[in-house]
Structures are given as structure tokens and as C-alpha cells.
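K.L.:
One predicted model, sequence on top.
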Amino acid sequence: MRPTNRPRNPCFSSGPCAKRPGWTLDGLAGAALGRSHRSAAGKAKLAELIERTRAVLGIPADYRLGIVPASDTGAFELALWSLLGPRGVDAFAWESFGETWIADIAGQLKLADVRTFEALYGRLPDLGRAAPDRDIVFAWNGTTSGVRVPHADWIAGDRSGLTLCDATSAAFAMDLPWPKLDVATWSWQKALGGEAQHGMVALSPRAVERLTSHKPPWPMPKIFRLIQDGALIEGVFRGETINTPSMLAVEDHLDALKWAERIGGLPALIARSEANLRAIEEWVARTPWIDFLAEDAATRSCTSVCLKVSDSALPKKLAALLEAEDVAYDIDAYRHAPPGLRIWAGATIETDDLHRLFPWLDWAFAQVTAS
Ligand SMILES: Cc1ncc(COP(=O)(O)O)c(C=O)c1O
């Protein structure tokens, strides 16, 4: 039977992600449009964004938190380029983004002492191999495989190396243990449904110590530079961004942060996302033609939920049919991932919209396999 109720919001893309429930363009009316981001009004907006982010994510007061260019890619590459070199590196990858960072470390920075630990889509590498005296590079949530690290017990509390964590599809949906993370990065366009624009970087005191004591041997482009005359450029962490941000994107992220505060902060964001994962788990359990790509249930992502099917031609057909029906946009698997569906389940997604989506998925499967 063709379902009658469509999801109220068909945006299930894994980035940019769905706007928060109730979002309207009118909500951005207070944006500092046409103003310099270096004016008092502009800087106040940027500083407010940093402080609201710090409060919602529970980032320790002694961590620096900054807005940096080029979304999460810029933020994470800035960290790799600025910090790596003095120690050996243990890099973990289990999907496309982790592999990208390994390619940067080995192929671009050409570091001599790099150990790589990789796993196929659906699995985690042996995280227990991480050495406490080496720098550790990993993504908390593998957005393209739907596999996340279940905890940070494998990171030593008394390590001497730094941990560099790409947290872009984990922040605002998963509990990030700050004492275990020396560097964490994410982008506005992910779990709070912001606009693709700047990224954010959180730095522990030890990461700052490395920044100020280590001078990379390679040239540093302006958009990566956090150090001037041997000292940290503190302004970056007060909202004096390196290059010009869109004040509309800033206002939009402020709107999302205020929504997060209103609904109960990080615990509420995590609860919404985990409830969405549970809803998908229930549907998968009663649906014979689909399964999780993540082999271990403890590693299933609650944001980028990746599902596999046995017929590799199926996902594209399903995704196209559901898009044409305005039921679900952008749910085909990532281009480098095994064929399947990827459904964003972060906090901006309403569980009720997932319940509305499931009958359509069942219907689309029946349509596509009948023809
Ligand atoms: C884990 C991870 N790293 C990096 C990126 C790249 O982020 P951006 O496009 O915001 O630079 C993404 C985006 O999907 C991601 O999920």
C-alpha cells in the first residue's frame, strides 16, 4: 500500500543536515548583515557563538575554542598541519574521512613515523594499539560507514602524545569525553543543522603548549596560522576569525544553539539522536532486506546511520524514488562507501518523521523489486 503520510521534513542528508524543528528564515532577522565581522557588533556575535557552544558542549574552561576557516576540513587540517611532527603518529581509519586524514599525514605532510590502523567499512580497527606516547588521529564517528567509537577507554588518561579527533558528526549528538581529547573539530553544517561555512576547533592546554613550542618545518598558509611571533593568536578564540565569516551563517548557528539550550542542552540532543537510532533499529529488525553496515551494535552511529542491502543496484533506485516522492532527500550511501542507504538521525530529526519514513521505504522496496 502506498503510504499517505510523508515525513514533515524530508531532509535526511548527512550534511548539510536538517534544520532544527521550527526553523524559519525569519528567525535570523537579528543577523549583523552588512556589518564588518570586526565591528563591535560582529565580534560580539562571534564571541557569543563561541561561549554558547562551549556551554552546550560542556567544553572545559581551560580549553581554547575558536572559529576557523573552511568548515571541518579546514579545522582538522589546520590541526594536523600545526601540531603534527614532533612525535610519532598513530592514525586510525575505518571509512572515507579517516582515510583522507591518513592521506594528508602520509602523502602531504610526509611524516616519517606514522603507524596506520585501518578497517573495512562496517568495522573498527584495533583501537587498543594506540600508544600513549604518540599522537593519535581519528574521527569519533565515521560518517560514511555509520561506525563510531563506543568510548574513549583506549585513550590513556596520562598520555604524553596528543589526541586529534575529527568530531564533526559526533559533536551535539554524542558524549565527547573532553579530558581524552586534546583537539576536537567540527563544522556548523552538521548535527545542529547549520550552514556550511566555518569550522570550530577546541584545544586542550597541552595542545596549546605544542602549538607554541613546535614550529612546523613546512610553510603555513594564512588560514592555518594560529601562532604569531611564537605566541598564540588569542583573538581567534574570542571571535576574531582569521578570514571573513558569513554573519548570516553565524546567526543561523546562534539560532540552533539557542534551540539546543531551550530543549535541555546536550543531554536532550543526545537523547533525541539515540531515540532516532532506536527507531531505525526497530524498523531494521522487522525488515528482512536491510541491515546495519556496522557489524557491532555497540559501534552503531546515532547520527549517520548506514544501512546495507544485498542488491547493490537497489539503493540508488530507492533513493531516487523517495526523492521524487518528496519523502526523503539524499539518503543514498556516500559515494566511496559500499552501496546502501544513509539516514541522518541527529537531534534535528524528529523521530515521528522516521516513523513516517519507514512505510515509504517498505513501499519503495516493493515498487523497485516488482519492476
Ligand atoms: C567525519 C567527517 N570529517 C570531515 C567532514 C568534512 O566536513 P566539511 O565538509 O564540513 O569540511 C565530514 C563531512 O561530512 C565528516 O563527516
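P.N.:
Sure, I can see it. Source: prediction; values computed, not measured. Residues are numbered from 1 along each chain as shown.
K.L.:
and Met220, helix, strand or coil?
P.N.:
coil (DSSP: H, G, I helix; E, B strand; the rest coil).
K.L.:
no wait, Ala44
P.N.:
Three-state call for Ala44 (three-state DSSP): helix.
K.L.:
Contacts only, for the closest residue to Ala31 other than its chain neighbours.
P.N.:
Distances taken as CB to CB, 6 or more residues apart in numbering place Glu251 nearest to Ala31, at 3.6 Å, with adjacent residues excluded. Heads up, the C-betas are built off the backbone N, CA and C, glycines and all. With contact set as CB atoms under 8 Å, 6 or more residues apart in numbering, Glu251 has these partners: Leu28, Gly30, Ala31, Ala32, Lys45.
K.L.:
Quick one: name the residues of this structure near the ligand.
P.N.:
Gly15, Ser71, Asp72, Thr73, Phe97, Ala139, Thr143, Asp166, Thr168, Ser169, Ser187, Gln189 (CB under 6 Å from any ligand atom).
K.L.:
among these, which are in strands?
P.N.:
Judged by DSSP state E, strands contain the following of those: Ala139, Asp166, Ser187.
K.L.:
What is the burial count for the first one?
P.N.:
Using other CB atoms under 10 Å, Ala139 is surrounded by 31 other residues.
K.L.:
Contacts only, for it.
P.N.:
Ala93, Glu95, Phe97, Gly98, Trp101, Cys165, Asp166, Ala167, Thr168.
K.L.:
can you do 7 Å?
P.N.:
If you count contacts by CB atoms under 7 Å, 6 or more residues apart in numbering, Ala139 has them with Phe97, Gly98, Asp166.
K.L.:
shouldn't the second one be in contact with Phe138?
P.N.:
Yes: counting by CB atoms under 7 Å, Gly98 sits close enough to Phe138 to count as a contact (6.4 Å).
K.L.:
Pull up the overlap in contacts between those two.
P.N.:
Counting by CB under 7 Å, 6+ apart, the shared contacts of Gly98 and Phe138 are Phe92.
K.L.:
for the stretch 151-300 of the chain, what are the low-confidence residue spans?
P.N.:
The model of the stretch 151-300 of the chain has no residue with pLDDT under 70.
K.L.:
ok and the residue in it nearest the ligand?
P.N.:
Nearest residue of the stretch 151-300 of the chain to the ligand (CB to the nearest ligand atom) works out as Ser187 at 3.4 Å.
K.L.:
can you give me phi and psi for Gly66?
P.N.:
Main-chain torsions, Gly66, degrees, to the nearest 10: phi -130, psi 160.
K.L.:
who's it bridged to?
P.N.:
Beta-bridge partners recorded for Gly66 (DSSP bridges): Val201.
K.L.:
That one against Gly235, yeah?
P.N.:
No: if you go by CB under 7 Å, Gly66 and Gly235 don't touch, sitting 9.2 Å apart.
K.L.:
ok, these two, which is more surrounded?
P.N.:
The residue with more neighbours, out of Gly66 and Gly235, is Gly66; 26 against 14, by other CB under 10 Å.
K.L.:
tell me the contacts of that one?
P.N.:
For Gly66, the contacting residues are Met200, Val201, Val236, Phe237, by CB under 7 Å, 6+ apart.
K.L.:
Kindly recompute the last result at 10 Å.
P.N.:
By CB atoms under 10 Å, 6 or more residues apart in numbering, the contact set of Gly66 is 46, 50, 75, 78, 198-203, 226, 232-242.
K.L.:
Quick check: can you list the domain ranges of this structure?
P.N.:
In terms of domains, the chain is parsed into 27-260, 265-370 (source: automatic domain parsing).
K.L.:
Nearest approach to Pro3 belongs to which of those domains?
P.N.:
domain 265-370 (4.1 Å; CB to CB).
K.L.:
Great, nothing more from me.
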